[in-house]
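Asks: Build me a structure from this.
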Amino acid sequence: MFEIINQYSAVIVIPGLLVAMFALLPIRSWRKRIPLYSGVAIAGIAAMLILQPGDSTVVSESEARSVIASGSPIFVEFFSNT
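Replies: Below you'll find the predicted structure:
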């Protein structure tokens, strides 16, 4: 159950924020409301697409250990992709 929440957190949170915005930010003028809501929806979708983790360049644990022990500075990012 927690794996589903972890993997799909953006899909759960972004629509929730949109619903909250519609409920808490009533704007009477449609000329202001449509561009604002459209902009927030586009920003949410863009954030969801941009913040996706990339593919790993290391395929095995032994390769990861050798890269870490190589002596040069590296950036290690851990994420669940299962």
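Asks: Which residue is the nearest non-sequential neighbour of residue 64?
Replies: residue 58 (4.6 Å; C-beta to C-beta, 6 or more residues apart in numbering). Every C-beta, even on glycine, is put in place using the N, C-alpha and C of the backbone.
Asks: How about residue 41?
Replies: residue 18 (6.5 Å).
Asks: first vs last residue of stretch 60-77, how far apart are they?
Replies: 15 Å (C-alpha to C-alpha, to the nearest Å).
Asks: same question, stretch 55-67
Replies: Stretch 55-67 has its terminal residues 16 Å apart, counting by C-alpha to C-alpha.
Asks: all numbers from here: first residue = 45
Replies: Right, with 45 as the first residue, what we last looked at is stretch 99-111.
Asks: for that stretch, the distance to its chain's centre please.
Replies: Distance, stretch centre to chain centre, for stretch 99-111: 24 Å (C-alpha atoms, centre = their mean, to the nearest Å).
Asks: Surely the residue nearest to residue 85 is in contact with residue 87?
Replies: No. Using C-beta atoms under 8 Å, residue 62 is not in contact with residue 87; the gap is 10.3 Å.
Asks: related to what we said a few turns ago, separation between the residue nearest to residue 85 and residue 98?
Replies: 26 Å (C-beta to C-beta, to the nearest Å).
Asks: circling back to that earlier point, quick one, grab the pLDDT at the residue nearest to residue 108.
Replies: As predicted, residue 102 sits at a pLDDT of 81.
Asks: Three-state assignment for it, please.
Replies: What DSSP: H, G, I helix; E, B strand; the rest coil gives for residue 102 is coil.
Asks: quick one: low-confidence parts of this structure?
Replies: Applying pLDDT under 70 to the chain picks out residues 45-46, 71, 97, 123-126.
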